[in-house]
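Chemist: Build me a model:
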Amino acid sequence: MQTVNSSPIATANPLQLKDIHIPEQVSNYPIAYGWWLLAIIMLLTMTFIAVKLYKKSKIKRAQQQALKQLQNSPTMSNTEIITLLKWASMQYFSRTELASLYSNQFKQFLLQQLDKKYQQQFDKLSTKGFENQYQKFDQKSDADFLQGAILWLNHALPPKAKQQKNITYGETAGAIK
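Modeler: You can find the predicted model right below:
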C-alpha cells in the first residue's frame, strides 16, 4: 500500500499556491520633477503676462483720461481742448520741447505724431480750432475740432518706441538739430 502524505498543507492547498500579497500603497508625494518644472514655468508665464498687461494699462492711462474728459464735456472751448492735447502729449514726449510749442508749431507737432493716413483728416478737422484759439468771441468749441482731438488721441498715443525717444522738431519748434 501506498502511504498518503497527510500533511495539513498538502490537503489545504493541493496546487501549492502562495497567498496573494498586495503591494504597498503608492504615494502621490513627492511629485515627479517634471510636474514641479511645469508648475514653475506656468507660474512664471502668468507673472510675465500680468506684468506686461499692467505696464500696457499704465502706458495707456493718460490717453484714456484725456479721451474720457473730452467725451464727458463736449462743450469745452478750443483753448481747453488744446490744453488737454498738450497735457496728453507731455505725458509721452519731452516736456522741454513741448512747453515752447504753441499755435501752428504745436499743430505741426501733433501732425508729425500721426500716421500719414490720418494727417490730412486731422489737419482738416483742427485748422479752424487752432485759428480761433485766441479769439475772444469764439469760446465754444466746434464739433470738428473736438473730433480731431479724439482722432489724434486715438491714433497718436501711445507713441511708437522710435518716436518716443528725444525727438527734435527742427525749424518748426525753433530747435537746433
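
Chemist: in the chain, which spans are helices?
Modeler: 8-12, 33-72, 78-90, 95-99, 103-113, 116-131, 143-156, 161-164 (DSSP state H).

Chemist: Can you lay out these as CSV showing distance to residue 26, mean pLDDT and mean neighbour count?
Modeler: C-beta here means a position set from N, CA and C on the backbone, and glycine is covered the same way. Shown next, in CSV, are the helices of the chain (distance: least, C-beta to C-beta, whole Å; pLDDT from 0 to 100; neighbours: other C-beta atoms under 10 Å):
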stretch, distance to residue 26, mean pLDDT, mean neighbour count
helix 8-12, 33, 56, 9
helix 33-72, 15, 93, 12
helix 78-90, 63, 90, 19
helix 95-99, 66, 85, 13
helix 103-113, 65, 89, 18
helix 116-131, 65, 88, 16
helix 143-156, 60, 89, 19
helix 161-164, 54, 54, 10
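
Chemist: Let me know the distance separating the residue sitting nearest the centre point of the chain from residue 155.
Modeler: Centroid-nearest residue in the chain, with C-alpha atoms, centre = their mean: residue 56, separated by 2.4 Å. Between residue 56 and residue 155 the computed distance is 17 Å (C-beta to C-beta, to the nearest Å).

Chemist: Next: residue 129.
Modeler: Residue 129 is 17 Å from residue 155, by C-beta to C-beta.

Chemist: hang on, the earlier thing: nearest to residue 19, of the helices of the chain?
Modeler: Residue 19 sits nearest to helix 8-12 of all these, at 11.6 Å, using C-beta to C-beta.

Chemist: hmm, back to that, any chance of the helices of the chain in TSV, plus distance to residue 20?
Modeler: Shown next, in TSV, are these (distance: least, C-beta to C-beta, whole Å):
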stretch	distance to residue 20
helix 8-12	16
helix 33-72	32
helix 78-90	79
helix 95-99	83
helix 103-113	81
helix 116-131	80
helix 143-156	75
helix 161-164	71
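
Chemist: nearest to residue 21, of these?
Modeler: Using C-beta to C-beta, those put helix 8-12 closest to residue 21, at 18.1 Å.
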